[in-house]
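K.L.:
Whatever this is, show me its structure:
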Amino acid sequence: MRQIIYSNAGRLGASMLCSGWDPYKGYQIYSVNQTGFFNQGDWAMSGSGTVFIKGYFDANYNPNMTLEQAKEFMKSVISLAAFRDSSSGGIIRMMTITKDGNERFYVPY
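P.N.:
Numbers count the residues shown, from 1 in each chain. Here you go, the predicted structure:
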């Protein structure tokens, strides 16, 4: 991801997130910003709506949430971003990634 973004500087104004699960390291998420800066952590956010929700996220994120709590938290975070940012869209598409597989969710506006 870093190579794609960095080698297309000036032509590609995008950041990328990549997430998955494997039996060696468990859940992982990586982000690469527009300059090619690479980061790995417990969570990642990207997009124009993030400027509106970073404070809310910092104040309310709990790394020990259950899966159901995390899904509800993410619905609220994404809804807040979409409400303030006209470029964020009006629906929510989410995916859970666990050792048991992936599950997709659609939340209409």
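K.L.:
Tell me which residues touch residue 103, please.
P.N.:
Taking CB atoms under 8 Å, 6 or more residues apart in numbering as the definition of contact, the neighbours of residue 103 are 95, 96. Glycine gets a C-beta too; all of them are placed from N, C-alpha and C.
K.L.:
Listing partners with orientation, what would you give for the host helix or strand of it?
P.N.:
Residue 103 is part of strand 101-107, with elements assigned from DSSP states H and E. Sheet pairing for strand 101-107, assigned by DSSP bridges, gives strand 92-98 (antiparallel).
K.L.:
What segments of this structure are helices?
P.N.:
According to DSSP state H, the chain carries its helices in the segments 2-7, 50-60, 67-84.
K.L.:
Give me the buried positions along the shortest one.
P.N.:
Of the residues in helix 2-7, residue 5 count as buried by neighbour count, 16 or more other CB atoms under 10 Å.
K.L.:
Check the second one too.
P.N.:
By neighbour count on 16+ other CB under 10 Å, the buried set for helix 50-60 is 50, 52, 53, 57.
K.L.:
Next, the angle from that helix to helix 67-84.
P.N.:
Computed with axes from the mean of the first three to the mean of the last three CA atoms, to 10 degrees, the direction of helix 50-60 lies at 140 degrees from that of helix 67-84.
K.L.:
tell me the mean pLDDT for the strand holding residue 103?
P.N.:
Averaged across strand 101-107, pLDDT comes to 92.
K.L.:
Please apply the same query to stretch 51-58.
P.N.:
91.
K.L.:
on that earlier part again, out of the helices of the chain, the one nearest residue 38 is which?
P.N.:
When the helices of the chain are ranked by proximity to residue 38, the top entry is helix 2-7, at 5.1 Å, counting by CB to CB.
K.L.:
Check the gap between the spatially most central residue of the chain and residue 11 for me.
P.N.:
Centrality entry for the chain: nearest residue to the mean C-alpha point is residue 45, 4.1 Å, by CA atoms, centre = their mean. As for residue 45, its distance to residue 11 is 24 Å (criterion: CB to CB, to the nearest Å).
K.L.:
and if you look at residue 70?
P.N.:
Computed with CB to CB, the distance linking residue 70 and residue 11 is 36 Å.
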